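Participant: Let me see the structure of the following:
(chains A and B)
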Amino acid sequence: MTALALQALWRDRWSLVRWAVGITALVVALSALWPSIHSVDGLQTMLEAYPAALRDAFGLDQISTGAGYLDVELFSIVLPGLFSAFAISRGARLVAGDEESGALLPELVVPRPRSHLLAAYACATCAEVVLLGVTVLGAVLGCSAVLAMGIPLGRVCAAASSVVVIGAAHGLLALAVGAATGRRALAVGVAGAVAVAGYLLHVAGTLVTGVAPWGSWSPIHLVLAHPGLTQGWSATWWWVAPFSVVALVAGAWSFERRDVHLT
Amino acid sequence: MTDRGAARVVVRGLGKDFGDLRAVHDVDLTLRSGTVTGLVGPNGAGKSTTIGALVALVRPTRGTVVIDSHDVVRDGARALAGVGYLPSVFVGRAASTARRYLDDLARLRRLSLTTTIGTLAERLRLDLDQPIGHMSHGTRQKVGVVQAFMHEPTVLLLDEPTTGLDPLVQDQLWQMVDERRDAGAAVLLSSHVMSEVQRAADDVAMMSDGLIVLADSMLELTRRRSTRLELRVLSPPLLPVLRGIPGVRHASVSGHQVEVDMTGPTSELFTVLAPHGIESVTCHDDDLAAVFADLCGTPTEREKP
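Facilitator: From the prediction side, this is the model:
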């Protein structure tokens, strides 16, 4: 299984490098704006005039601090969105994309159950997202040191982990749907819809009291309700794991029993 | 080692439906050790679906497929241990070199096959260090052939194997097929190029509309195929005499020209015609395509107006 996962990682190495470079550039560009934002007079007073629900929803309370600024600018929507997009594209391609192209056929006619392949590809998807998370960790730590943002190492680790959890959850869902159906577009569509719906539920749950109890059904809410950069690690993030496990088990069950496209 | 002629793959009552479409129905097929079986039929006959069911890519709606005593649905991992499979469209991994791709596939089988891969690549004149994404269709097909043969399979399933291969490489492929057969492998060769099957197969199964319409040995088919003779004689014979010769299916006389369609030995025909002064003889043997056309009710190229 390790060999299979490493093979998948090796095939994706250049794409991963491109994503890592792009995300590092984004972190550096947004962090570079921090000194000018920090020096705006009366920013905190202005933000305090906003409705409390709005401040909560978008984490505006601490925007005048380095951690609060990066939390709003990077970790509340941009990085969760990018990590989800990256992981969904990987997860959807690893079984469904390869099946549609015909590349998967010889790899399924081997003395191994298909669920081994799926488990290895799940590991590869998680590993790719973790590697991207390590890139974010390095970029934020570097920017924090250079621009004197004063963010502790533990908080940066927690924030990077939070986007890894969000990305992995959506990537594994795309992988599971792809394995269950063999259709890449469907895998991207379902996982993308879950990500968007999860984010909307998170925002709506913060703004509207009646929707709040439903927030725990959103993987994004489970993570973003406790932002790592300002609040540190949270055990509620790991409640995302059962979503992924259920999706993968269902995907594996269907993958073992369905027809594979012969192209 | 399995006895030559022993059943390696046993297909019984195989059926596959896609919604309302019955793609394959009631297929019975046995692939024997040391035997090449040709699976022929037009496009859409169900050949690829049948092979897909043999390698567990397609789940049968009805029936069973057993390879080396293991049911491919219930015990796929064991059943596929000795199987080599070349799909009708081989794609591979565009970003990998052929060497890396083939090594990766060998690792999936928990084998190290570097030497065998090198030998096969040399035979097929394949550059292993070229990325698969940069290869022509024919060169990619060579990678497909190597991956099907590299672990010395005891069951070899080849779906349209010569697609895109030049004649020299095709010759190598047929030699490799013969070697696997001689080593005791059961080989299934699917093709709609009848001459390929005629050259390589010991047994033939013909498919049409999802059914096997004929399964027999190539020897028996050859024996049953008809011969068409065109003769020029000095004096015309009587038509009823010609039609009375055993094996004659059709006879006509037009002036000094005699045409006879017959199966089996032709010696009695020549005995009857000898007194009429035979000036010339032209003989046409029906090939596998004619047998298939006869079974499926479609005209051969020769019979088309």
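Participant: Show me which residues of stretch B:98-111 are buried.
Facilitator: Buried residues in stretch B:98-111, counted by 16 or more other Cβ atoms under 10 Å in any protein chain shown: B:98-108. All C-beta atoms are positioned from the backbone trio N, CA, C, and that covers glycine.
Participant: Please list the residues of the stretch 51-200 of chain B that sit near chain A.
Facilitator: B:52, B:55-59, B:76-78, B:80-81, B:83, B:85, B:87-96, B:104-105, B:107-109, B:144, B:147-148 (Cβ under 8 Å from any Cβ of the partner chain).
Participant: where's the helix or strand in which B:Gly38 is found relative to the chain centroid, distance-wise?
Facilitator: Following DSSP states H and E, one finds B:Gly38 within strand B:35-40. In terms of Cα atoms, centre = their mean, to the nearest Å, the centre of strand B:35-40 is set 4 Å apart from its chain centre.
Participant: What strands line up against it, and which way round?
Facilitator: Next to strand B:35-40 in the sheet, as set by DSSP bridges, lie strand B:186-191 (parallel), strand B:203-208 (parallel).
Participant: Out of those strands, which is closest to B:Asp71?
Facilitator: strand B:186-191 (16.7 Å; Cβ to Cβ).
Participant: any idea which element the residue most central in space within chain A lies in?
Facilitator: A centroid search over chain A (Cα atoms, centre = their mean) returns A:Gly167, at 1.9 Å, as the residue closest to the centre. Using DSSP H and E, the element containing A:Gly167 is helix A:153-181.
Participant: What average pLDDT does that helix get?
Facilitator: Helix A:153-181 shows a mean pLDDT of 95 in the predicted model.
Participant: Keeping just the C-alphas, turn the strand holding B:Gly38 into CSV.
Facilitator: This file holds the C-alpha atoms of strand B:35-40, laid out as CSV (Å, rounded to 0.1, in the frame of the first residue of the first chain):
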residue,chain,number,x,y,z
THR,B,35,-4.0,-23.5,-26.1
VAL,B,36,-4.7,-20.2,-27.8
THR,B,37,-8.4,-19.5,-28.2
GLY,B,38,-9.5,-16.9,-30.7
LEU,B,39,-12.5,-14.8,-29.8
VAL,B,40,-13.8,-13.2,-32.9
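Participant: residues making contact with the helix or strand following it?
Facilitator: Next in sequence after strand B:35-40, counting helices and strands by DSSP H and E, comes helix B:47-54. Contacts to helix B:47-54, defined as Cβ atoms under 8 Å, 6 or more residues apart in numbering or on different chains, come from residues A:259-260, A:262, B:9, B:11, B:14, B:16, B:23-24, B:27, B:29, B:39-41, B:58-60, B:65, B:67, B:72, B:85, B:88, B:157, B:159, B:188, B:190, B:207, B:210.
Participant: In helices only, show me the residues you listed.
Facilitator: Counting by DSSP state H, these place none of their members in helices.
Participant: Give the PyMOL command for selecting the buried subset of these.
Facilitator: Of the contacts of helix B:47-54, the buried ones go into a single PyMOL selection, burial set by 16+ other Cβ under 10 Å:
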select buried, (chain A and resi 259+260+262) or (chain B and resi 9+11+14+16+23+24+27+29+39+40+41+58+60+65+67+72+85+88+157+159+188+190+207+210)
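Participant: Confirm for me that B:Ile278 is in contact with B:Leu229.
Facilitator: No - B:Ile278 is beyond contact range of B:Leu229, at 10.4 Å (criterion: Cβ atoms under 8 Å).
Participant: Mind checking which of these two has more residues around it?
Facilitator: Between B:Ile278 and B:Leu229, B:Leu229 has the larger neighbour count (other Cβ atoms under 10 Å in any protein chain shown), namely 19 against 14.
Participant: What mean pLDDT does the one helix or strand that one maps to get?
Facilitator: Element membership for B:Leu229 (DSSP H and E) is strand B:227-233. For strand B:227-233, mean pLDDT is 88.
Participant: how about the following helix or strand past that strand as PDB, C-alpha atoms only?
Facilitator: Downstream of strand B:227-233, the first helix or strand assigned by DSSP H and E is helix B:239-243. Extracted C-alpha coordinates of helix B:239-243, given in PDB (Å, rounded to 0.1, in the frame of the first residue of the first chain):
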ATOM      1  CA  LEU B 239     -25.000 -31.300 -63.900                       C
ATOM      2  CA  PRO B 240     -26.800 -34.100 -61.900                       C
ATOM      3  CA  VAL B 241     -23.600 -36.100 -62.000                       C
ATOM      4  CA  LEU B 242     -21.700 -33.300 -60.400                       C
ATOM      5  CA  ARG B 243     -24.400 -32.700 -57.800                       C
END
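Participant: Just the buried residues of helix B:239-243, please?
Facilitator: B:Leu242.
Participant: Strand B:227-233 and the helix or strand just after that helix, what's the angle between them?
Facilitator: Per DSSP H and E, the first helix or strand lying C-terminal to helix B:239-243 is strand B:248-254. If you take axes from the mean of the first three to the mean of the last three Cα atoms, to 10 degrees, strand B:248-254 sits at 30 degrees to strand B:227-233.
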